[in-house]
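**Student:** test case, fold it:
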Amino acid sequence: MPRTADNKTERYQLRIPPTQKAMIARAAALSNMDMADFILNKIVPEAEAVIQAAEVETVSNRDFIRILDLLEHPPKPNAKLRAAISALPDTL
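**Tutor:** Numbering: from 1, shown residues only. All right, here's what the predicted structure looks like:
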């Protein structure tokens, strides 16, 4: 993912031990990338995975069908739900 001048919009500084910098520089060189491209190619997919895991709920096809069915045909309120609703303040 080579960077062009027009998509460089932010700068981020990071302090790392010299041994880690040397290791990243070596890995970047072995990948025929500069360090910034190498780091971005590794970090962006990891960031996307973390966001996906935190924000997206995946369910099986069977559960998805059950959820849709419950949305289309919700169960009637039971006694506990009716009691909870009547206990709510009038101004919500």
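**Student:** off-centre distance for the helix or strand bottoming out on mean pLDDT in the chain?
**Tutor:** The weakest-scoring helix or strand in the chain, judged by mean pLDDT, DSSP states H and E, is helix 79-87 (a mean of 93). How far helix 79-87 lies from its chain's middle: 36 Å, per CA atoms, centre = their mean, to the nearest Å.
**Student:** now that helix - C-alpha only, PDB.
**Tutor:** The C-alpha coordinates for helix 79-87 follow below in PDB (Å, rounded to 0.1, in the frame of the first residue of the first chain):
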ATOM      1  CA  ALA A  79     -46.500 -10.600  34.700                       C
ATOM      2  CA  LYS A  80     -42.900  -9.500  35.500                       C
ATOM      3  CA  LEU A  81     -42.700  -7.200  32.500                       C
ATOM      4  CA  ARG A  82     -46.100  -5.700  33.200                       C
ATOM      5  CA  ALA A  83     -45.000  -5.000  36.800                       C
ATOM      6  CA  ALA A  84     -41.800  -3.500  35.700                       C
ATOM      7  CA  ILE A  85     -43.600  -1.200  33.200                       C
ATOM      8  CA  SER A  86     -46.100  -0.100  35.800                       C
ATOM      9  CA  ALA A  87     -43.200   0.700  38.200                       C
END
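**Student:** mean confidence score for whichever helix in the chain runs longest?
**Tutor:** Longest helix in the chain, counting residues (DSSP state H): helix 35-55. If you average the pLDDT over helix 35-55, you get 95.
**Student:** give the buried residues for that helix.
**Tutor:** 38, 39 (16 or more other CB atoms under 10 Å). Placement of C-beta: from N, CA and C, glycine included.
**Student:** got the contact list for whichever helix or strand comes after that helix?
**Tutor:** Sequence-wise, the next helix or strand downstream of helix 35-55 (DSSP states H and E) is helix 61-72. With contacts defined as CB atoms under 8 Å, 6 or more residues apart in numbering, helix 61-72 is touched by residue 59.
**Student:** what distance do you get for the most centrally placed residue in the chain to residue 59?
**Tutor:** Nearest residue to the geometric centre of the chain (CA atoms, centre = their mean): residue 51, 0.7 Å. Distance, residue 51 to residue 59, using CB to CB, to the nearest Å: 18 Å.
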